[in-house]
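Engineer: Please find the sequence and the predicted model below.
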Amino acid sequence: MIELDNLTKVFDTPKGAVVAADHISMEVPPGEICILLGPSGCGKTTTLKMINRIVKPTSGKVFIDGDDTTGMDTQTLRRNIGYVIQQIGLFPNMTIEENITIVPRLLGWDRAKYRERARELMAMIALEPDAFLKRYPSELSGGQQQRIGVARALAADPPVMLMDEPFGAIDPINRAVIQDEFLKMQQALKKTIMFVSHDIDEAIKMGDRIAVFREGKLVQYSAPDDLLAAPKDSFVESFLGEDRALKRLNLVKVRDIVTDEIGTVSPGDTLENALTRIDDFGYQNSILMVNDHRQPAGIVNRSVTRTTKGYCRDHFQAVPAMIGLDDDLRKAASLMFAHDTTWLPCVDEDGKVCGQITQRAMTRHLGARFRARQGNAQNPDIAIKE
(Lines give C-alpha, C1' and ligand atoms only; values in the text may rest on other atoms or scores of the structure.)
Protein backbone atom coordinates (compact mmCIF):
# COMPACT_ATOMS: atom_id res chain seq x y z
CA MET A 1 0.00 0.00 0.00
CA ILE A 2 2.88 2.42 0.76
CA GLU A 3 6.14 2.23 -1.19
CA LEU A 4 9.10 4.58 -0.82
CA ASP A 5 11.50 4.49 -3.73
CA ASN A 6 14.90 6.09 -3.03
CA LEU A 7 13.21 8.90 -1.11
CA THR A 8 15.76 11.59 -0.27
CA LYS A 9 15.70 14.96 1.44
CA VAL A 10 18.62 17.38 1.50
CA PHE A 11 18.28 20.62 3.46
CA ASP A 12 20.39 23.63 2.53
CA THR A 13 21.80 25.32 5.64
CA PRO A 14 24.31 28.13 6.22
CA LYS A 15 26.84 25.42 7.04
CA GLY A 16 26.15 23.46 3.87
CA ALA A 17 23.89 20.67 2.68
CA VAL A 18 22.46 18.30 5.29
CA VAL A 19 21.09 14.95 4.19
CA ALA A 20 18.09 14.28 6.44
CA ALA A 21 16.87 11.20 4.56
CA ASP A 22 19.22 9.27 2.33
CA HIS A 23 17.67 7.11 -0.44
CA ILE A 24 15.02 5.46 1.72
CA SER A 25 13.41 2.46 0.00
CA MET A 26 10.81 0.31 1.74
CA GLU A 27 7.34 -1.13 1.36
CA VAL A 28 4.49 -1.35 3.86
CA PRO A 29 1.90 -3.99 2.90
CA PRO A 30 -1.83 -3.19 3.11
CA GLY A 31 -3.31 -3.24 6.60
CA GLU A 32 0.00 -3.20 8.49
CA ILE A 33 1.57 -0.78 10.96
CA CYS A 34 5.16 0.19 10.23
CA ILE A 35 7.05 1.91 13.05
CA LEU A 36 9.84 4.32 12.15
CA LEU A 37 12.28 4.05 15.04
CA GLY A 38 15.57 5.69 15.89
CA PRO A 39 17.34 8.40 17.91
CA SER A 40 16.54 12.11 17.56
CA GLY A 41 17.63 13.60 14.26
CA CYS A 42 17.87 10.26 12.44
CA GLY A 43 15.43 11.17 9.65
CA LYS A 44 12.32 9.24 10.67
CA THR A 45 9.98 12.26 10.96
CA THR A 46 11.34 13.80 7.76
CA THR A 47 10.63 10.54 5.96
CA LEU A 48 7.08 10.46 7.33
CA LYS A 49 6.38 14.07 6.31
CA MET A 50 7.57 13.48 2.76
CA ILE A 51 4.72 10.99 2.27
CA ASN A 52 2.03 13.70 2.55
CA ARG A 53 4.42 16.35 1.22
CA ILE A 54 4.59 18.49 4.35
CA VAL A 55 8.27 18.17 3.51
CA LYS A 56 8.93 18.16 -0.23
CA PRO A 57 11.33 15.38 -1.29
CA THR A 58 14.58 16.35 -2.97
CA SER A 59 14.38 13.16 -5.04
CA GLY A 60 12.72 9.78 -5.05
CA LYS A 61 9.08 8.76 -5.23
CA VAL A 62 6.16 7.79 -2.99
CA PHE A 63 3.61 5.27 -4.22
CA ILE A 64 0.27 4.70 -2.50
CA ASP A 65 -1.65 1.64 -3.63
CA GLY A 66 0.63 1.53 -6.65
CA ASP A 67 -0.05 5.13 -7.72
CA ASP A 68 2.84 7.56 -8.01
CA THR A 69 1.92 10.59 -5.88
CA THR A 70 4.55 12.88 -7.45
CA GLY A 71 2.14 14.68 -9.76
CA MET A 72 -0.88 14.49 -7.46
CA ASP A 73 -2.47 17.68 -6.19
CA THR A 74 -1.23 18.31 -2.64
CA GLN A 75 -4.68 19.01 -1.15
CA THR A 76 -6.14 15.87 -2.71
CA LEU A 77 -3.20 13.83 -1.45
CA ARG A 78 -3.50 15.09 2.11
CA ARG A 79 -7.26 14.71 2.31
CA ASN A 80 -6.83 11.01 1.53
CA ILE A 81 -4.20 10.49 4.22
CA GLY A 82 -5.04 10.56 7.93
CA TYR A 83 -2.48 12.50 9.98
CA VAL A 84 -1.99 12.43 13.75
CA ILE A 85 0.72 14.37 15.59
CA GLN A 86 1.96 14.47 19.17
CA GLN A 87 0.67 18.03 19.70
CA ILE A 88 -2.79 16.85 18.52
CA GLY A 89 -3.59 20.15 16.76
CA LEU A 90 -7.33 20.35 17.49
CA PHE A 91 -8.94 23.66 16.55
CA PRO A 92 -9.79 25.34 19.88
CA ASN A 93 -12.70 27.38 18.47
CA MET A 94 -14.45 24.29 17.07
CA THR A 95 -16.51 21.72 18.93
CA ILE A 96 -15.35 18.13 19.06
CA GLU A 97 -17.88 17.24 16.37
CA GLU A 98 -16.63 20.05 14.13
CA ASN A 99 -13.01 18.98 14.67
CA ILE A 100 -13.73 15.36 13.80
CA THR A 101 -15.78 16.15 10.71
CA ILE A 102 -13.61 18.86 9.17
CA VAL A 103 -12.21 16.68 6.35
CA PRO A 104 -15.55 15.02 5.45
CA ARG A 105 -17.08 18.53 5.28
CA LEU A 106 -14.28 19.70 2.99
CA LEU A 107 -14.91 16.65 0.82
CA GLY A 108 -18.58 17.60 0.50
CA TRP A 109 -20.23 14.92 2.62
CA ASP A 110 -23.85 15.66 3.49
CA ARG A 111 -24.65 16.72 7.06
CA ALA A 112 -26.40 13.52 8.14
CA LYS A 113 -23.52 11.36 6.90
CA TYR A 114 -20.70 13.24 8.58
CA ARG A 115 -22.60 13.64 11.87
CA GLU A 116 -23.29 9.91 11.94
CA ARG A 117 -19.61 9.29 11.18
CA ALA A 118 -18.63 11.43 14.17
CA ARG A 119 -20.87 9.44 16.50
CA GLU A 120 -19.55 6.16 15.11
CA LEU A 121 -15.94 7.23 15.70
CA MET A 122 -16.64 8.47 19.23
CA ALA A 123 -18.00 5.05 20.13
CA MET A 124 -14.95 3.47 18.51
CA ILE A 125 -12.54 5.49 20.69
CA ALA A 126 -14.60 4.74 23.81
CA LEU A 127 -15.95 8.26 24.39
CA GLU A 128 -19.71 8.79 24.80
CA PRO A 129 -20.95 10.84 21.81
CA ASP A 130 -23.74 12.64 23.67
CA ALA A 131 -21.34 13.67 26.44
CA PHE A 132 -18.47 14.94 24.28
CA LEU A 133 -19.47 15.98 20.76
CA LYS A 134 -20.69 19.46 21.73
CA ARG A 135 -17.73 20.21 24.00
CA TYR A 136 -14.62 22.16 23.07
CA PRO A 137 -11.04 20.81 23.22
CA SER A 138 -10.22 22.87 26.33
CA GLU A 139 -12.88 20.92 28.23
CA LEU A 140 -11.13 17.58 27.62
CA SER A 141 -8.10 15.96 29.21
CA GLY A 142 -4.91 15.45 27.23
CA GLY A 143 -5.66 11.78 26.72
CA GLN A 144 -9.19 12.51 25.55
CA GLN A 145 -7.92 15.13 23.12
CA GLN A 146 -5.45 12.62 21.71
CA ARG A 147 -8.29 10.18 21.08
CA ILE A 148 -10.18 12.93 19.24
CA GLY A 149 -7.07 13.52 17.13
CA VAL A 150 -7.10 9.87 16.12
CA ALA A 151 -10.84 10.02 15.36
CA ARG A 152 -10.33 13.10 13.18
CA ALA A 153 -7.64 11.30 11.19
CA LEU A 154 -10.04 8.41 10.61
CA ALA A 155 -13.09 10.51 9.79
CA ALA A 156 -12.93 10.35 5.98
CA ASP A 157 -11.95 6.66 6.14
CA PRO A 158 -8.52 7.17 4.54
CA PRO A 159 -6.67 4.03 3.44
CA VAL A 160 -3.38 5.41 4.80
CA MET A 161 -2.54 7.02 8.13
CA LEU A 162 0.60 8.84 9.24
CA MET A 163 1.24 9.16 12.98
CA ASP A 164 4.09 11.25 14.41
CA GLU A 165 4.70 10.18 18.03
CA PRO A 166 0.93 10.39 18.62
CA PHE A 167 0.99 9.11 22.20
CA GLY A 168 4.33 10.52 23.33
CA ALA A 169 2.95 13.38 25.45
CA ILE A 170 0.47 11.25 27.39
CA ASP A 171 1.14 9.76 30.83
CA PRO A 172 2.09 6.05 30.86
CA ILE A 173 -1.25 4.74 32.13
CA ASN A 174 -3.39 6.62 29.60
CA ARG A 175 -0.84 5.89 26.88
CA ALA A 176 -1.21 2.15 27.40
CA VAL A 177 -5.01 2.43 27.35
CA ILE A 178 -5.02 4.46 24.13
CA GLN A 179 -2.50 2.12 22.49
CA ASP A 180 -4.73 -0.85 23.33
CA GLU A 181 -7.85 0.92 22.02
CA PHE A 182 -6.04 1.84 18.82
CA LEU A 183 -4.86 -1.73 18.24
CA LYS A 184 -8.43 -2.95 18.70
CA MET A 185 -9.58 -0.46 16.07
CA GLN A 186 -6.80 -1.49 13.74
CA GLN A 187 -7.87 -5.13 13.92
CA ALA A 188 -11.22 -4.07 12.47
CA LEU A 189 -10.16 -1.21 10.18
CA LYS A 190 -6.92 -2.63 8.72
CA LYS A 191 -5.45 0.76 7.81
CA THR A 192 -1.95 1.01 6.37
CA ILE A 193 -0.01 3.07 8.90
CA MET A 194 3.39 4.71 9.16
CA PHE A 195 4.09 5.54 12.80
CA VAL A 196 7.06 7.49 14.16
CA SER A 197 8.25 6.56 17.65
CA HIS A 198 11.36 6.80 19.78
CA ASP A 199 10.02 4.25 22.28
CA ILE A 200 11.25 0.71 21.66
CA ASP A 201 8.56 -0.89 23.81
CA GLU A 202 5.86 1.03 21.94
CA ALA A 203 7.36 -0.04 18.62
CA ILE A 204 7.35 -3.70 19.62
CA LYS A 205 3.78 -3.48 20.89
CA MET A 206 2.30 -1.51 17.99
CA GLY A 207 4.28 -2.50 14.92
CA ASP A 208 3.89 -5.29 12.39
CA ARG A 209 7.27 -4.10 11.06
CA ILE A 210 9.93 -1.81 12.43
CA ALA A 211 12.28 0.40 10.43
CA VAL A 212 15.39 1.49 12.35
CA PHE A 213 16.99 4.74 11.18
CA ARG A 214 20.44 6.19 11.83
CA GLU A 215 21.80 9.47 10.47
CA GLY A 216 19.28 9.61 7.65
CA LYS A 217 19.73 6.00 6.55
CA LEU A 218 17.45 3.00 6.90
CA VAL A 219 19.59 0.48 8.78
CA GLN A 220 17.20 -2.43 9.29
CA TYR A 221 13.60 -3.17 8.34
CA SER A 222 12.17 -6.26 10.04
CA ALA A 223 9.30 -7.78 11.92
CA PRO A 224 9.69 -7.08 15.67
CA ASP A 225 10.69 -10.64 16.52
CA ASP A 226 13.32 -10.72 13.77
CA LEU A 227 14.67 -7.36 14.87
CA LEU A 228 15.06 -8.41 18.51
CA ALA A 229 16.46 -11.85 17.74
CA ALA A 230 18.86 -10.81 14.98
CA PRO A 231 19.87 -7.12 14.98
CA LYS A 232 21.79 -6.31 11.82
CA ASP A 233 24.74 -4.52 13.44
CA SER A 234 26.15 -3.18 16.70
CA PHE A 235 24.19 0.08 16.43
CA VAL A 236 20.84 -1.69 16.23
CA GLU A 237 21.87 -4.07 19.00
CA SER A 238 22.87 -1.24 21.33
CA PHE A 239 19.77 0.80 20.45
CA LEU A 240 17.50 -2.12 21.33
CA GLY A 241 19.23 -2.56 24.68
CA GLU A 242 20.77 -5.43 26.57
CA ASP A 243 17.34 -6.68 27.62
CA ARG A 244 16.17 -7.24 24.05
CA ALA A 245 15.67 -10.97 24.74
CA LEU A 246 13.26 -10.04 27.55
CA LYS A 247 11.41 -7.64 25.24
CA ARG A 248 10.49 -10.65 23.13
CA LEU A 249 8.27 -11.83 25.98
CA ASN A 250 5.71 -9.29 24.73
CA LEU A 251 5.54 -10.97 21.33
CA VAL A 252 4.73 -14.55 22.36
CA LYS A 253 1.29 -15.62 23.55
CA VAL A 254 0.71 -18.23 26.22
CA ARG A 255 -1.21 -20.36 23.74
CA ASP A 256 2.01 -20.73 21.71
CA ILE A 257 3.76 -22.76 24.41
CA VAL A 258 1.03 -24.04 26.72
CA THR A 259 1.07 -27.79 27.38
CA ASP A 260 -2.00 -29.82 28.27
CA GLU A 261 0.14 -32.06 30.49
CA ILE A 262 -0.96 -30.74 33.85
CA GLY A 263 -1.46 -32.80 36.98
CA THR A 264 -4.72 -32.25 38.83
CA VAL A 265 -6.60 -33.69 41.77
CA SER A 266 -10.20 -33.38 42.89
CA PRO A 267 -11.36 -32.27 46.34
CA GLY A 268 -12.23 -35.90 47.20
CA ASP A 269 -8.76 -37.28 46.43
CA THR A 270 -6.53 -38.27 49.34
CA LEU A 271 -3.33 -36.40 50.14
CA GLU A 272 -1.46 -39.62 49.46
CA ASN A 273 -2.84 -39.66 45.94
CA ALA A 274 -1.92 -35.97 45.56
CA LEU A 275 1.72 -36.75 46.50
CA THR A 276 1.84 -39.49 43.88
CA ARG A 277 0.55 -37.08 41.26
CA ILE A 278 3.12 -34.45 42.27
CA ASP A 279 5.92 -37.03 41.99
CA ASP A 280 4.68 -37.97 38.53
CA PHE A 281 5.61 -34.48 37.34
CA GLY A 282 8.87 -34.32 39.30
CA TYR A 283 9.72 -30.64 38.99
CA GLN A 284 6.65 -29.24 40.77
CA ASN A 285 6.16 -28.86 44.52
CA SER A 286 2.39 -28.58 44.34
CA ILE A 287 -0.59 -29.74 42.35
CA LEU A 288 -3.75 -28.05 41.14
CA MET A 289 -7.10 -29.03 42.63
CA VAL A 290 -10.06 -28.60 40.26
CA ASN A 291 -13.81 -28.68 40.85
CA ASP A 292 -16.44 -30.66 38.95
CA HIS A 293 -16.39 -28.07 36.15
CA ARG A 294 -12.61 -28.40 35.82
CA GLN A 295 -12.09 -24.92 37.18
CA PRO A 296 -9.17 -24.15 39.53
CA ALA A 297 -10.27 -24.60 43.13
CA GLY A 298 -6.97 -24.59 45.03
CA ILE A 299 -3.36 -25.74 45.34
CA VAL A 300 -2.16 -28.71 47.38
CA ASN A 301 1.50 -28.41 48.43
CA ARG A 302 3.96 -31.31 48.62
CA SER A 303 4.89 -30.43 52.22
CA VAL A 304 1.30 -30.99 53.36
CA THR A 305 0.98 -34.35 51.61
CA ARG A 306 4.09 -35.67 53.39
CA THR A 307 3.07 -34.75 56.92
CA THR A 308 -0.70 -34.97 56.93
CA LYS A 309 -3.41 -37.55 56.32
CA GLY A 310 -6.81 -36.76 54.88
CA TYR A 311 -8.37 -35.30 51.78
CA CYS A 312 -7.37 -32.51 49.45
CA ARG A 313 -10.55 -30.55 50.17
CA ASP A 314 -9.40 -30.03 53.75
CA HIS A 315 -5.76 -29.11 53.09
CA PHE A 316 -5.48 -26.73 50.12
CA GLN A 317 -4.45 -23.13 49.57
CA ALA A 318 -5.86 -20.56 47.21
CA VAL A 319 -4.53 -20.62 43.66
CA PRO A 320 -1.89 -17.84 43.68
CA ALA A 321 -2.29 -16.93 39.99
CA MET A 322 -3.68 -18.11 36.68
CA ILE A 323 -3.02 -17.07 33.10
CA GLY A 324 -5.18 -16.88 29.97
CA LEU A 325 -4.27 -18.30 26.58
CA ASP A 326 -4.24 -14.85 24.96
CA ASP A 327 -1.98 -13.29 27.60
CA ASP A 328 1.66 -12.77 26.67
CA LEU A 329 4.76 -14.28 28.24
CA ARG A 330 5.68 -11.00 29.91
CA LYS A 331 2.55 -11.24 32.05
CA ALA A 332 3.24 -14.91 32.74
CA ALA A 333 6.82 -14.19 33.85
CA SER A 334 5.64 -11.31 36.04
CA LEU A 335 3.08 -13.53 37.79
CA MET A 336 5.64 -16.28 38.34
CA PHE A 337 8.13 -13.88 39.91
CA ALA A 338 5.47 -12.19 42.03
CA HIS A 339 4.18 -15.49 43.45
CA ASP A 340 7.51 -17.35 43.58
CA THR A 341 6.36 -20.20 41.37
CA THR A 342 7.79 -21.95 38.34
CA TRP A 343 4.46 -22.79 36.71
CA LEU A 344 0.98 -21.39 36.20
CA PRO A 345 -2.31 -23.09 35.34
CA CYS A 346 -3.79 -21.88 32.06
CA VAL A 347 -7.51 -21.32 31.71
CA ASP A 348 -9.71 -20.82 28.67
CA GLU A 349 -12.33 -18.11 28.23
CA ASP A 350 -14.77 -20.15 30.34
CA GLY A 351 -12.31 -20.35 33.23
CA LYS A 352 -11.66 -24.07 32.71
CA VAL A 353 -8.16 -25.50 33.06
CA CYS A 354 -6.67 -26.29 29.66
CA GLY A 355 -3.01 -26.78 30.56
CA GLN A 356 -0.03 -25.14 32.18
CA ILE A 357 2.92 -22.92 31.34
CA THR A 358 6.32 -23.32 33.00
CA GLN A 359 9.46 -21.24 33.29
CA ARG A 360 11.36 -24.07 31.63
CA ALA A 361 9.07 -24.03 28.58
CA MET A 362 9.37 -20.23 28.29
CA THR A 363 13.17 -20.38 28.43
CA ARG A 364 13.38 -23.17 25.87
CA HIS A 365 10.99 -21.46 23.50
CA LEU A 366 12.74 -18.09 23.57
CA GLY A 367 16.19 -19.65 23.40
CA ALA A 368 15.33 -21.88 20.46
CA ARG A 369 13.80 -19.06 18.45
CA PHE A 370 16.69 -16.74 19.30
CA ARG A 371 19.21 -19.24 17.96
CA ALA A 372 17.09 -19.93 14.88
CA ARG A 373 16.76 -16.22 14.09
CA GLN A 374 20.48 -15.68 14.51
CA GLY A 375 21.19 -18.57 12.18
CA ASN A 376 18.97 -17.00 9.52
CA ALA A 377 20.26 -13.47 10.03
CA GLN A 378 22.04 -13.53 6.69
CA ASN A 379 18.74 -14.30 4.91
CA PRO A 380 16.05 -12.30 6.76
CA ASP A 381 12.41 -12.77 5.83
CA ILE A 382 12.00 -9.04 5.43
CA ALA A 383 14.90 -7.33 3.73
CA ILE A 384 15.67 -3.72 3.00
CA LYS A 385 15.11 -3.00 -0.65
CA GLU A 386 18.37 -2.38 -2.43
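Structural biologist: Yep, that arrived. Numbers count the residues shown, from 1 in each chain.

Engineer: switch to C-alpha atoms for all contacts and neighbour counts from now on
Structural biologist: Fine.

Engineer: contacting residues for residue 227?
Structural biologist: 210, 220-221 (CA atoms under 8 Å, 6 or more residues apart in numbering).

Engineer: what about residue 320, how many neighbours?
Structural biologist: 15 (other CA atoms under 10 Å).

Engineer: Look at it and give its secondary structure.
Structural biologist: coil (DSSP: H, G, I helix; E, B strand; the rest coil).

Engineer: tell me the contacts of it?
Structural biologist: Counted by CA under 8 Å, 6+ apart, residue 320 has contacts residue 339.

Engineer: again, only this time at 10 Å
Structural biologist: 298-299, 335-336, 338-341, 344-345 (CA atoms under 10 Å, 6 or more residues apart in numbering).

Engineer: picking up where we left off before, among the contacts of residue 227, name the ones in strands.
Structural biologist: Among the contacts of residue 227, DSSP state E puts 210, 220-221 in strands.

Engineer: give me every residue that touches the nearest residue to residue 296 once chain neighbours are set aside.
Structural biologist: Leaving aside its chain neighbours, residue 296 sits nearest to residue 290 (4.6 Å; criterion: CA to CA, 6 or more residues apart in numbering). By CA under 10 Å, 6+ apart, the contact list for residue 290 reads 264-267, 296-299, 352-353.

Engineer: could you redo the last one with a cut-off of 7 Å?
Structural biologist: 264-266, 296-298 (CA atoms under 7 Å, 6 or more residues apart in numbering).

Engineer: For it, what are phi and psi?
Structural biologist: phi -120, psi 150 (degrees, to the nearest 10).

Engineer: For residue 108, see how far away it is.
Structural biologist: 62 Å (CA to CA, to the nearest Å).

Engineer: Would you state the helices of the stretch 201-350 of the chain in chain order?
Structural biologist: 224-229, 234-240, 244-247, 271-281, 302-307, 329-339 (DSSP state H, counting those that start in this stretch).

Engineer: what residue ranges in the protein are flagged as low confidence?
Structural biologist: For the chain, residues meeting the criterion pLDDT under 70 lie at 169, 282-283, 369-386.

Engineer: The same query, at a cut-off of 50, please.
Structural biologist: Residue ranges of the chain with pLDDT under 50: 380-386.

Engineer: okay, which residue of it is out on the far edge from center?
Structural biologist: residue 309 (50.2 Å; CA atoms, centre = their mean).

Engineer: Kindly write the PyMOL command that selects the buried subset of the ones in strands among the contacts of residue 227.
Structural biologist: The buried subset of the ones in strands among the contacts of residue 227, as determined by 16 or more other CA atoms under 10 Å, is captured in PyMOL by this line:
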select buried, resi 210+220+221
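
Engineer: Closest one to residue 81 out of the ones in strands among the contacts of residue 227, please.
Structural biologist: Nearest to residue 81 among the ones in strands among the contacts of residue 227: residue 210, at 20.5 Å, using CA to CA.

Engineer: Do I have it right that the closest one meets residue 228?
Structural biologist: No - here residue 210 lies out of contact with residue 228, judged by CA atoms under 7 Å, at a distance of 10.3 Å.

Engineer: still on that earlier bit, could you dump the contacts of residue 227 to TSV with distance to residue 153?
Structural biologist: Supplementary listing: those in TSV, determined by distance: CA to CA, whole Å:
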residue	distance to residue 153
210	22
220	28
221	26
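
Engineer: Verify the assumption that residue 3 is located in a strand.
Structural biologist: Yes - secondary structure of residue 3 (three-state DSSP): part of a strand.

Engineer: Quick check: beta-bridge partners of it?
Structural biologist: Note on residue 3: beta-bridge partners residue 27, residue 63, judged by DSSP bridges.

Engineer: quick one: contacts for it?
Structural biologist: Contacts of residue 3 by CA under 7 Å, 6+ apart are 26-28, 62-64.

Engineer: quick one: which of those has the most company?
Structural biologist: residue 62 (22 neighbours).

Engineer: what's around the closest residue to it other than its chain neighbours, how many residues?
Structural biologist: Spatial nearest neighbour of residue 62, chain neighbours left out: residue 4 (4.9 Å); criterion: CA to CA, 6+ apart. Residues near residue 4, counting by other CA under 10 Å, number 22.

Engineer: With residue 330 instead?
Structural biologist: Residue 330 has 18 neighbours, counted by other CA under 10 Å.

Engineer: How about the secondary structure of residue 150?
Structural biologist: helix.
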